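Trainee: sequence first, then the predicted structure:
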Amino acid sequence: MDHDIPDDLDQHLLRTLQLDGRAPFSRIARDRSVSERTVARRYQRLRALGLRVIGQPVSSRLGLTRWLLRLHCTPDAAGAIAEALARRPDTSWVTVASGGTELYCALNARTAEERNALLLEKLPRTPRVLSVSAHCMMRIFVGATSTWHATRFEPQGTAATVDSGAAAAPLSLDATDRVLFTELARDGRAPLPELAAAANRSPSSVQRHLDRLRREGALNLSVDFDPQLLGYHMATRIWLNVTPAHLRIVGEALATHSQIAFAAAITGTSNLVASGIFRDPADLYDYIDQRIGRLPGIQGIETAPTLREVKRLAPAMT
C-alpha cells in the first residue's frame with residue numbers, strides 16, 4: 001500500500017470520526033472486522049499525514065456572532081495582512097484567494113464594540129487594504145464550526161452540528177468547561193484521564209461535562225485532513241445570490257452535497273456562501289452545471305478558488 005494514499009479502511013476511519021470525533025477504536029474495529037490495534041495503528045499513520053480531530057465551541061451557543069470578512073488589497077500586502085489577521089484570537093480561519101488580492105476571514109465577536117474595533121478602526125487604517133465587506137452569518141446550514149476544510153468523504157454526506165443562529169440563551173460555562181475547550185482544541189480525542197488531570201476533576205465528572213456540552217450543542221468535534229491526499233485539489237468559495245423565497249431550500253440542499261464543507265446564509269449582496277472541495281476544475285464545472293444549476297431561485301453565482309490557507313481550525317473565543 002502506498003503510505004501516502006489512504007485506503008478503504010483509512011477512509012472508513014475518517015468517515016466515522018466525522019460522525020463522532022471521539023468514537024472508540026473498538027467500535028470502528030468491530031464495524032470493519034479488524035483488530036483494535038490495527039485501527040489504532042491506522043489512526044497514528046493518518047495523524048502523521050496531518051489528521052487532526054479538534055474540539056471547537058459552537059459560536060451561537062456561547063453568545064458569539066460569526067462574521068465573514070472579505071478584503072481586497074494590493075498583491076504585495078496580502079501575505080502580511082493575512083498573517084496579521086491569523087494572529088488575532090478572534091479569527092478562526094484566514095485564506096487567500098483570487099490571484100492573491102482577496103482575503104477571507106471568519107471573525108467571532110461577542111459585542112458590537114469588539115466587532116467595530118476591527119471593522120471601523122483597525123482595518124480601515126491598514127495600508128494597502130482597498131476595500132472591506134463584512135457579512136453576518138445568519139444561519140449556518142452545514143459546517144457549524146466554520147472550518148471550510150472538514151471535507152465529507154461520502155456521497156450521502158454526514159451528520160453535523162448546525163450552528164443555526166437560533167435565539168437561545170448562551171450556555172453558561174464553568175471553569176471545568178473552559179479547561180475542556182482548551183484541551184480539546186489541542187486534541188479532540190484526548191483520553192478521559194488526561195482531561196480529568198488537566199481539569200483537576202474526576203473522570204466521571206469530566207465525562208458529565210463532555211456529555212452536557214455535546215448534548216447542548218455547544219461542542220463540535222471537527223476532522224481536518226488534507227483533501228489533496230484523497231484526490232481533491234481545488235478548494236473554492238462559492239457566492240450565491242438567491243431569491244428570499246428559496247434561500248432556505250438552497251441552503252438545505254447544499255448541506256446534503258458531499259462536495260460542500262460549509263454553507264451559510266449571510267447578509268450582503270450575495271446572501272448565501274459555501275465552500276466546496278473538488279478534484280479539479282472539470283469537477284467544479286460539473287458541480288455547478290449539474291447540482292447548483294438545478295436548484296431553484298439562483299440569480300447569480302461567483303466562484304473564487306483558494307490559493308493559500310493561512311489559518312484554519314482555530315477555536316472561537318470562549
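Mentor: That came through, no problem. Numbers count the residues shown, from 1 in each chain.

Trainee: helix or strand with the lowest mean pLDDT in the protein?
Mentor: helix 112-116 (a mean of 83; mean pLDDT, DSSP states H and E).

Trainee: show me the helices in the stretch 101-250 of the chain, by range?
Mentor: Here the stretch 101-250 of the chain has its helices, by DSSP state H, counting those that start in this stretch, at 112-116, 175-186, 192-199, 203-215, 247-254.

Trainee: and the ones you listed as CSV, adding distance to residue 28?
Mentor: Placement of C-beta: from N, CA and C, glycine included. CSV is the format used below for the helices of the stretch 101-250 of the chain (distance: least, C-beta to C-beta, whole Å):
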stretch, distance to residue 28
helix 112-116, 41
helix 175-186, 20
helix 192-199, 18
helix 203-215, 19
helix 247-254, 29
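
Trainee: same list, those helices, but as JSON lines with mean neighbour count please.
Mentor: Output for those, formatted as JSON lines (neighbours: other C-beta atoms under 10 Å):
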{"stretch": "helix 112-116", "mean neighbour count": "13"}
{"stretch": "helix 175-186", "mean neighbour count": "18"}
{"stretch": "helix 192-199", "mean neighbour count": "16"}
{"stretch": "helix 203-215", "mean neighbour count": "15"}
{"stretch": "helix 247-254", "mean neighbour count": "18"}
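
Trainee: wait, which of these is closest to residue 130?
Mentor: helix 112-116 (20.2 Å; C-beta to C-beta).

Trainee: who are the packing partners of the strand or helix carrying residue 10?
Mentor: Assigned by DSSP states H and E, residue 10 belongs to helix 8-19. Helix 8-19 is packed against helix 25-32, helix 36-48, strand 219-224, with contacts defined by 3 or more C-beta pairs under 8 Å, 6 or more residues apart in numbering; DSSP states H and E.

Trainee: please identify the deepest-packed of these.
Mentor: strand 219-224 (a mean of 24; mean count of other C-beta atoms under 10 Å).

Trainee: list the neighbouring strands of it plus their orientation.
Mentor: strand 52-57 (antiparallel) (DSSP bridges).

Trainee: so after the strand it pairs with, what's the next helix or strand?
Mentor: Taking DSSP H and E, what comes next after strand 52-57 is strand 65-73.

Trainee: quick one: the helix or strand just after that next one to strand 65-73, angle?
Mentor: Downstream of strand 65-73, the first helix or strand assigned by DSSP H and E is helix 78-86. Orientation check (axes from the mean of the first three to the mean of the last three C-alpha atoms, to 10 degrees): helix 78-86 against strand 65-73 gives 160 degrees.

Trainee: mind checking how far helix 78-86 is from the chain centre?
Mentor: With C-alpha atoms, centre = their mean, to the nearest Å as the basis, helix 78-86 stands 19 Å off its chain's centre.

Trainee: how close does residue 92 sit to residue 312?
Mentor: Taking C-beta to C-beta, to the nearest Å as the measure, residue 92 falls 8 Å from residue 312.

Trainee: also residue 23?
Mentor: 23 Å.

Trainee: thinking again about what came up before, please name whichever of the helices and strands packed on helix 8-19 is nearest to residue 83.
Mentor: strand 219-224 (19.9 Å).

Trainee: now do the end-to-end distance for stretch 248-262.
Mentor: 14 Å (C-alpha to C-alpha, to the nearest Å).

Trainee: tell me the mean pLDDT for that stretch?
Mentor: Confidence over stretch 248-262 (mean pLDDT, whole number) is 93.

Trainee: just how off-centre is it within its chain?
Mentor: Going by C-alpha atoms, centre = their mean, the spacing between the C-alpha centre of stretch 248-262 and its chain's C-alpha centre is 14 Å.

Trainee: now stretch 33-40
Mentor: On C-alpha atoms, centre = their mean, the centre of stretch 33-40 falls 29 Å from the chain's centre.

Trainee: for the record, mean pLDDT for the helix holding residue 10?
Mentor: Confidence for helix 8-19, expressed as mean pLDDT, is 90.

Trainee: let me know the angle separating that helix from helix 25-32.
Mentor: On the basis of the same axes, to 10 degrees, helix 8-19 is oriented at 130 degrees to helix 25-32.

Trainee: wait, a helix at residue 289?
Mentor: Yes - judged by DSSP: H, G, I helix; E, B strand; the rest coil, residue 289 forms part of a helix.

Trainee: what's the neighbour count on it?
Mentor: Applying other C-beta atoms under 10 Å, we find 10 residues neighbouring residue 289.
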